[in-house]
Each structure stands twice: as structure tokens, then as C-alpha cells.
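Novice: When you get a sec, could you give me coordinates for this:
(2 chains)
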Amino acid sequence: MDPTTPFSRRIFLQQGVTLASLVSTIPWFLQHSALGMLSADSRVSSQAGVPEDRILVVVQLSGGNDGLNTVIPYGSDDYYRARTQLGIAAPGKENGALELDRTIGIGLHPNLNGFKDLYDDGRLAVVQGTGYPNPNRSHFASMDIWHTANRSGRGDGWIGRYVDCTCKGSPAADAEVAIGRSAPLAMIGTFAKPVAFEDARLFQWMGKDLPPHSMAAPYDQMNRAGALDGVEPGSQAAFLMRTALDAQLSSDRIRAAIARTPLVPYPGTRLATQMRSIGAMIRDGLKTRVYYASQTGYDTHSNQAGSHGNLMRELSEAVSAFQADLKAQGNDTRVVTMVFSEFGRRVRQNASGGTDHGTAAPMFVVGSPIKGGLHGAHPSMTDLDNGDLKFTTDFRSVYATILDKWMGAPSNAILGGSYPNLKFIRG
Amino acid sequence: MTNLSMSPLDRSRFDEAAARHLLNRAAFGGTSRQIERLASMGLNDAVDYLLNYEGVPELAISESEFDRDIRKPPTTAEREMAQLARRNNDEAMLEQVQKLRNERDGKDREQAREIQKWWLKRLIESGRPLEEKMTLFWHGHFATGYRTIEDSYHMFLQNQLFRSHATGNFADLVLRILRDCAMLKYLDNDESRRGRPNENLARELMELFVLGEGNAYTEEDIKAGARALTGYTFDDDSFRFNESGHDDDPKTILGQTGAWDGDDFARIILSRKECSEFICGKLYRFFVNDSPGMPSKQVGPVVKALAAELRKQQYELKPVLRMLFRSQHFYDTANRGSAIKSPVQLTVQTIRELGVPPRDLSTLNSATDLMGQSLFMPPSVKGWECGRSWINTSTLFVRQNLAVYLITGKRPDAFDWDESLAEWPTAELEAAIAKRTGSDASKESDALLDLVLAVDASPARRAQFTAFTSTLGGTLKGQRLVSALCLATALPEYQLC
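Specialist: Below you'll find the predicted structure:
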């Protein structure tokens, strides 16, 4: 800004203070958390014995991950009969699976080395054969079912309902953060809406660097004033002014957090970049309870061996680096990571060296609070439903376990039904 | 005190500000010239101009606009091939079947995106903005999602249904929606048969479409209604009444017993007073005020008056809208600038009001999605929540950046930017500013805020903005005007209309 004009930045700021009342400059979400603390209501997140700093990270594998080539039933001849070219060899053979359980013959994709280390360390749970009744093979429809935890695929998202249920109608501005183009349905509640951005650099106003290059200061002044004097506090305008201030503060904080060099090296892949950002936000102490990342490319209808192998490596390396980062930060006991996909693939490979849309597939739950090992049963390779695996564990049991045992929220109310808890949380 | 009178606004009070309010709400805003013109018509003619749009040439919709056969059911030969392949476990043939299916899915999704852009373009260009606005209202009311039905052509047909009944008769529209392929599929009525009725459509018909949650009906009425709707299905692109699948035994709905079918069911619930009040409450939130808790108890008499008119007119919508758009209550200061622009409203209004180039439709379509309103993909059968639910810390940045994109052509995700894209004809805006300032340049800043904002900017805001414009080194023309517009549209107040 031209220093000769009477409106230097300094004067701007002084004016800002005199024009805005003290109350209006308190960010909306801080006002609400202050009210929350004074309230006699027992918020769910304040239940005795459930620390409020517990975090869930969701990693979505989009496109339908081939579960049978992720967690490999190498003990089954039927597996190799169905996967004539794509089958992953038994441990010990060339490019063989990484052994998880010798007695039943279950192993990991050879590129999941990082997962294998976490498994051996007792920090990775494999929940086998997750799915739901009458599986839908449409990407959209099945993803909506996973996001809403509802067979109809309609209604609010399950994480959104969790936030709604804990916030009494006024969610913290950054209760949930999604890294991606748009907000995942899972995080949309009646009140809850996630902060969502693909690239933190874009999580800000893009007009600042337009000519005449003096736009940043006036923009900040006008968007950081909170509710201006003379504006009715309950009005739509006041609401917008408060949200604008919240947005600036979230943006500052998140961009500053992400700009820091992490304590451990991360690979340069897309997923690792997302995990790195999440690690940075956790390190910075954001109050966010749920983070969301996603990896695309799992719709492997043809020539899947190479591409699926690359996806596995990217996934394993990203999650491993993230775990190492959490450990270096001393935050590893606060964070649980859950990995899922909208469906698995058909048992039999197709003639293009790929696999088509199927049904049940494994989920992973990772972290220091996790009791590692195999959970649930691997789906039968012989008792199939029209060439598809029959699920052995309803995915909502995984959600229920995380809600009840980790987040300390009533899964019954949130999921709209009772799903038996699994035993993958240490306790 | 809010003026609750439904009597027409006094002639003399229909000034440019009032005309602008009408244009914002009953349409998607307009340029200063359009506002002046509307104001000069006087209240009654202005309202009728917007309402009786049949006289305005329609943007043609070509028969071949979209491929109606994109989801054509498989032919007998194709079905037999698939069956044979499954029976023989013929991998190669099964794969062929799957491949064809995947290709069809992909083409249909592509067409769905084309249809989204087509409607967005129509919203921007139509000379009958109220027709499009009411089409959007019905889309949110009878919310149906492409993601569930995966048939782009059926979504297109439903959109045409809403347009043809936009300001027509609500009862007719209800009967038509019970014959709409997309709706029948979305709420599973195509699978509802005698002996195993699916309650989805019957439930939403009462809860969300006609009566409102818990109004006048019980679970038993839903069960009976579902039986009445059995056999309402479709073939290809048309409704079909499957007589053998229909339950024609007597049933009792809201106390009335008979061998009702779906149309009888609709007539029975439409005869309830609760229906008119429910619909008028929704129209109120959509057109008048979407602040939290609206329509409030205080404005109850307004909704009741509209509902009485709707009943008196036997569900004809135009007289009700006419009453609303003429009423003193509609123009009360409490209602001006009290609505939060929906993502579609924000996009379309920015273009229509400022006269900025519409830029790239795909980008605009993505932007509405990022802001939470993807056309043809409402989040659930409840439609969009609207009001404050549009706004959060992420969507606010998208909204501000969308305006920067429209005004300058600078995409948020592109760092190399062609400055020449910021040049567009600003003469009309400049003239509008000049008209407001006389020749007093010191009033330019206020004039711009008055042009761009639907609310009266507070003195504090005016001082901030004047401080900024005074640094621009000249009158608000050309590039300086573009800069000032970027900042004005980044104000929190810009989200109001």
C-alpha cells in the first residue's frame, strides 16, 4: 500500500479496533466453546473417561479396492483358480505375499511393507470381509451407503451425525476437516459441515494478488472485523460477518500449520501429501476431531497388477509415514486411522487382466490405540453369491466400535441401529 | 414492528429499491437498467411481467438436446446373452456384458453433467427467470437425486415437468410427480407391488411433499397410502399402471375408506388444510425470509393468508405468488436483504446483475457443487436445507473466489492468469454509478456498495470501503472498477439478497 496515503495499514488497523466492539471480534466458534464450557449440559464428548483430544482419521480408497489382492487368502486353491494371472503368490515365493497368519494362509500384498511392520508391531487391525446385505455395485450408490451408514444411502453422513450429536447444534468451525475437492457426504450433518480444501494454498481469497496489489489489507480488514457495530447481532449479516472472521482464522492457522516442515520425511505422493497435512494440523493442536483423506484409482477393470501394486505402495508408505510422524510428535496415542473402500472386486478376474465391481473387502484400522491382528473371518472362497464374496462383518460394526470405544459417542443413536462392537481398540 | 399486511404496497412506495428486491427474490436480480424499467412499470405491472412470463419468448429446447435412449433397457437379445453367459459361466461373454454396462454408465454420467450445464446456462439466460426459479424450487421440494437413479434422461424429463408446472397448479403437479419415472425410481415405487408394498414414496408424499412432518397423518396412513400406490411404475420413459401389481382392496387413509389408488390417495391428502399451510410455509422461506426459525410464529398470519388464497384458488399458484409479491409484508425492511443467496442464486445473480461474462460453464458447475448445491444431485429427499446451512468457513472462500473468477477470469486453481480476461464492458455499471453520484466523485464508493449489496451497508463498512477506493488513484472505471468489484463481492454482506 502506498505509504503516502492517509490510510496506511497501521491506521487501518487502529480504525478497525475502534470501529468494532470487543465482543464482535471474538470468533464465533470460540464464543460457542466458551458457552459450551459454562453449560450444565453433559456434552457427549465430555463423558467421563473419554478424553476430548481423541482423533479419527478416515482414508477412503475410491473406486472399489480389490480386497482379495490386498489381504491375500494364499491358503486357498480357489483363490489361485479364480486369479489365474492376478493371484499373488504365497509368502516366500517371488513377489509373494507378506505373511500375516500361517495357519489359515492369510497375507498382505507385497507392497504393503509398511502395513506389515505396523501389523508386527501390533498396531494394525485387519477387519476381514466387511460389507452389508444386498450389496450395491454402483460406485455412487455404494459409496453413499458407506457414507451414511444406511442401506438406502440417504440422509446425513455418519461422521456429520456424530458431530451433530456432540455439539448441541453449534459445531466448532473446524470440528471436521476434509482434504479434497468437496466435502464428503460422510461429514455432512444437519449442523455439521466440514472445512474442506484440496490444497491449503487455495483455502483463502484469490483476489489478494490482483492489481493494484493493495487488496490484501482492505480485504483482511473487512473480513476480520467480526460483526460490525450497528449490525443486529442475530441477523443474517452478523452471522456472515462472524463466519468470515472464522474462515480467516481457520485459513491462517491451517496454512501456517501445513507450511511447517514435518518431523519425519513423507513421500511426495498425493495421498502422502494429504496425510502430511493432517499430521501437521494434529501437531499444531487444532481442535479437529475427524480428518478425511482419499486415494483414487481403485477402479481396476483392466491390467490391474501394476496399477494396483502402485496404489498399495502409495497407501502403505503414506500411512506408515503418518504413523511415524504421530509417534515423533508424541501424538500417536491420540489418533486412530480407518481405511475403507466402497466395495471389493469380483472373485474371478476378467479377461482384460482386471477385476469388476464386487462386494466384501477388508478394512484397516491403524494406530497405537489399536489391538492389532486379524479381526472377523475371511469370507469363504467357495460359498459365493453369484461369483461374489459374502460379507462376514457389517462395516457398521467397525463404525460402532470406533464411536463407542474410541470417540465415546453412542453408536446406537448415531447409526440408527445396534451393531456389535469388535475388539480392535485396546482398553 | 414488521408490517404483516398482505394488502398491496402503496403505489408510491414501489421505488427502485423495491423493484430491486422484487427482482432479487422473484428472479435472479438484474442490471440497474432492468431495475429502473421494472420500477417504472408500477407494482402491479411489474409483478405481472415477472409472473405472466408466457408472453416472453422461451429459450427453445430441442427434441434432440439429449439422448433419450442413453438408458434404454437392454434388448431381449442382450438380456438373453447375459443370461446365457451367467448360466454357462462364460467369462469372456460376461465380461463383454459388463464392459457394455460400464460404457453405458460412463456415457450416462457424462450426459448428466451436460444436463447440469444446460440448466445452469438456462438459469443465466432465460427471459423468464421466475419460471426457472420456481423450477429450482420444485426440484428442491420434490428432491430426486441422479446418483441414486442413474438415469440422466429421466432427470431431464423431471426438470421439464417442473418447468411446465412451475407456476401452475400444485395439485396437478402432485398427480404428475406420482407418474414421474425419476421419482418412482428414486423412492422405489417401481418395486412396490400388491402384497409387498414399499412405503418410501407414500411416506415422503405426506412428510415432505404435501402435508409436512407429523401433520395430520399416522404410520397407519402411510401403510395404507403405500398400498394405494402399488403398481405405479414405469417402462422406458413412460409411466405404467401395473394393474396386476396394484392392491385394489379397500384401505383407510385419513379416515376415508375405499378401494383407493395413488391418485385417490393424493386427492385425500390434498384436501387437508395442512397442505396449503405447509406449501406456503416453504414458499415463504424460499421467497421472503430464510432466517433461522422462519416462518416464525410472528409471521404466521402471513402464511395463513397465503394458504387461504391457495385453497380458494384450488391450488393455482399464480394468484398466491401475485398476492405475495404485491404485499406490504414482502417489501418490509425486515425482509429486504434477509435471505442468503443459494449457490445457484449467487452464481446466476452475479452474472445477471453485474453483467460479467458467464465464463466457463463447467467451472461454474463445479463451483456450485463446492458451495453445496449440485443441480440434479440434492443431498437427500429432503432437498437443500438452504439459509445459513449454505455458509461455512470453506464455502465462504469458494463464494468469494467464484466472484473473483467471474469478474476477472482468474481461476482459483490456476496461477498463471491472463489479465486481459479481466476486461469486459463495464460501461453500463459505470453509467449506473455516475447516475447515483451526479458528478461528485466522493460518492462513488457509496454508490458502488449500494449497487452491489442488497443490504444498506453500515457506516463502518462504508468508511472502510471509501478508504480502499481512495487508494485506487482515480474514478471507478475499467480496471479500477474491476478491483473494487472484487473487494465488494468479497464482503460478507454480498452473500445476502
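Novice: For the one helix or strand residue A:253 maps to, buried residues please.
Specialist: Element membership of residue A:253 [criterion: DSSP states H and E] is helix A:236-259. By neighbour count on 16 or more other CB atoms under 10 Å in any protein chain shown, the buried set for helix A:236-259 is A:236-251, A:254, A:257-258. (C-beta placed from N, C-alpha, C; glycine too.)
Novice: which is the next helix or strand following that helix?
Specialist: Using DSSP H and E, the helix or strand that follows helix A:236-259 towards the C-terminus is helix A:270-283.
Novice: The following helix or strand past that next one near chain B at all?
Specialist: Next along the chain after helix A:270-283, taking DSSP H and E as the criterion, comes strand A:290-295. No. Shown here: strand A:290-295 not in contact with chain B (CB under 8 Å from any CB of the partner chain), separated by at least 12.6 Å.
Novice: orientation of the helix holding residue A:253 relative to helix A:270-283 in degrees?
Specialist: Orientation of helix A:236-259 against helix A:270-283 (axes from the mean of the first three to the mean of the last three CA atoms, to 10 degrees) gives an angle of 110 degrees.
Novice: So for helix A:236-259, mean pLDDT?
Specialist: For helix A:236-259, mean pLDDT rounds to 92.
Novice: Send over that helix as CSV, restricted to the C-alpha atoms.
Specialist: Taking Å, rounded to 0.1, in the frame of the first residue of the first chain, the C-alpha atoms of helix A:236-259 are listed here in CSV:
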residue,chain,number,x,y,z
GLN,A,236,-28.0,-12.9,8.7
ALA,A,237,-25.4,-10.1,8.1
ALA,A,238,-23.9,-10.6,11.6
PHE,A,239,-23.8,-14.4,11.1
LEU,A,240,-22.0,-13.9,7.8
MET,A,241,-19.5,-11.4,9.4
ARG,A,242,-18.7,-13.8,12.2
THR,A,243,-18.3,-16.7,9.8
ALA,A,244,-16.0,-14.6,7.6
LEU,A,245,-13.8,-14.0,10.6
ASP,A,246,-13.8,-17.7,11.5
ALA,A,247,-12.8,-18.5,7.9
GLN,A,248,-9.8,-16.1,8.0
LEU,A,249,-8.6,-17.6,11.3
SER,A,250,-9.1,-21.2,10.1
SER,A,251,-7.3,-20.3,6.9
ASP,A,252,-4.4,-18.7,8.8
ARG,A,253,-4.0,-21.5,11.2
ILE,A,254,-4.3,-24.3,8.7
ARG,A,255,-2.0,-22.7,6.2
ALA,A,256,0.6,-21.9,8.8
ALA,A,257,0.4,-25.4,10.3
ILE,A,258,0.9,-27.1,6.9
ALA,A,259,3.7,-24.8,5.9
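Novice: other SSEs contacting that helix?
Specialist: Packing contacts for helix A:236-259, counted by 3 or more CB pairs under 8 Å, 6 or more residues apart in numbering or on different chains; DSSP states H and E, involve helix A:28-38, strand A:195-197, helix A:216-223, helix A:270-283, helix B:393-408.
Novice: Mean pLDDT, mean neighbour count and distance to residue B:95 for those - can I get that in a markdown table?
Specialist: Shown next, in a markdown table, are these (pLDDT from 0 to 100; neighbours: other CB atoms under 10 Å in any protein chain shown; distance: least, CB to CB, whole Å):
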| stretch | mean pLDDT | mean neighbour count | distance to residue B:95 |
| --- | --- | --- | --- |
| helix A:28-38 | 31 | 15 | 53 |
| strand A:195-197 | 84 | 26 | 37 |
| helix A:216-223 | 94 | 20 | 55 |
| helix A:270-283 | 96 | 23 | 30 |
| helix B:393-408 | 94 | 25 | 41 |
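Novice: Out of these, which gets nearest to residue B:116?
Specialist: When the helices and strands packed on helix A:236-259 are compared by CB to CB, helix B:393-408 sits nearest residue B:116, at 15.9 Å.
Novice: what about the closest one, near chain A?
Specialist: Yes. Helix B:393-408 reaches chain A (CB under 8 Å from any CB) through B:393-397, B:400-401, B:404, B:408.
Novice: Just name the closest of the residues you listed to residue A:266, please.
Specialist: Nearest to residue A:266 among these: residue B:394, at 23.9 Å, using CB to CB.
Novice: Please list all residues in contact with that closest one.
Specialist: Applying CB atoms under 8 Å, 6 or more residues apart in numbering or on different chains to residue B:394 gives the contacts A:183, A:193-197, A:203, A:247.
Novice: what's the span of stretch B:354-365 from first residue to last?
Specialist: 19 Å (CA to CA, to the nearest Å).
Novice: Could you do stretch B:213-225 as well?
Specialist: End-to-end span of stretch B:213-225 (CA to CA): 15 Å.
Novice: do stretch B:384-401 as well
Specialist: From its first residue to its last, stretch B:384-401 covers 22 Å (CA to CA).
Novice: quick check, distance from that stretch to the centre of its chain.
Specialist: In terms of CA atoms, centre = their mean, to the nearest Å, the centre of stretch B:384-401 is found 16 Å from the chain centre.
Novice: now do stretch A:178-197
Specialist: Stretch A:178-197 sits 10 Å away from the centroid of its parent chain (CA atoms, centre = their mean).
Novice: How many neighbouring residues does residue 353 have?
Specialist: Assuming you mean chain A. Residue A:353 is flanked by 16 other residues according to other CB atoms under 10 Å in any protein chain shown.
Novice: think we crossed wires, I meant chain B
Specialist: By other CB under 10 Å, the residues close to residue B:353 number 23.
Novice: Residue B:30 is in contact with that one, correct?
Specialist: Yes. Counting by CB atoms under 8 Å, residue B:30 is a contact partner of residue B:353 at 6.3 Å.
Novice: which neighbours do these two share?
Specialist: With CB under 8 Å, 6+ apart, residue B:353 and residue B:30 have no common neighbours.
Novice: mind checking the SS state of the closest residue to residue A:287 other than its chain neighbours?
Specialist: In space, and not counting its chain neighbours, residue A:287 is closest to residue A:172: 5.7 Å by CB to CB, 6 or more residues apart in numbering or on different chains. Here residue A:172 is recorded as coil under DSSP: H, G, I helix; E, B strand; the rest coil.
Novice: do the same with residue A:209
Specialist: coil.
Novice: For it, grab the count of nearby residues.
Specialist: Look at residue A:209: counted by other CB under 10 Å, it has 12 neighbours.
Novice: And it, how far from residue B:276?
Specialist: 53 Å (CB to CB, to the nearest Å).
Novice: Spell out which residues make up each domain of chain B.
Specialist: Domain ranges of chain B: B:11-51+B:272-331, B:343-422, B:427-495, per automatic domain parsing.
Novice: hang on, the earlier thing: between the residues of helix B:393-408 next to chain A, which sits nearest residue A:296?
Specialist: Using CB to CB, those come closest to residue A:296 at residue B:394, 20.2 Å.
Novice: for the closest residue to residue A:325 other than its chain neighbours, what are its contacts?
Specialist: Leaving aside its sequence neighbours, residue A:325 sits nearest to residue A:279 (CB to CB, 6+ apart; 4.2 Å). If you count contacts by CB under 8 Å, 6+ apart, residue A:279 has them with A:262, A:266, A:322, A:325-326, A:329.
Novice: do the same with residue B:298
Specialist: For residue B:298, the contacting residues are B:2, B:4, by CB under 8 Å, 6+ apart.
Novice: Can you tell me how far it is from chain A?
Specialist: Remark: distance between residue B:298 and chain A (CB to the nearest CB, to the nearest Å) = 14 Å.
Novice: May I ask you to name the longest helix in chain A?
Specialist: The residue-count maximum for a helix in chain A (DSSP state H) belongs to helix A:304-329.
Novice: so after it, what's the next helix or strand?
Specialist: Assigned by DSSP H and E, the successor of helix A:304-329 is strand A:335-341.
Novice: Number of residues surrounding residue B:475?
Specialist: Residue B:475 has 15 neighbours, counted by other CB under 10 Å.
Novice: Pretty sure it sits against residue B:442.
Specialist: No. Using CB under 8 Å, residue B:475 is not in contact with residue B:442; the gap is 10.6 Å.
Novice: quick one on the thing from earlier: and the helix holding residue A:253, how far out from the chain's middle?
Specialist: 21 Å.
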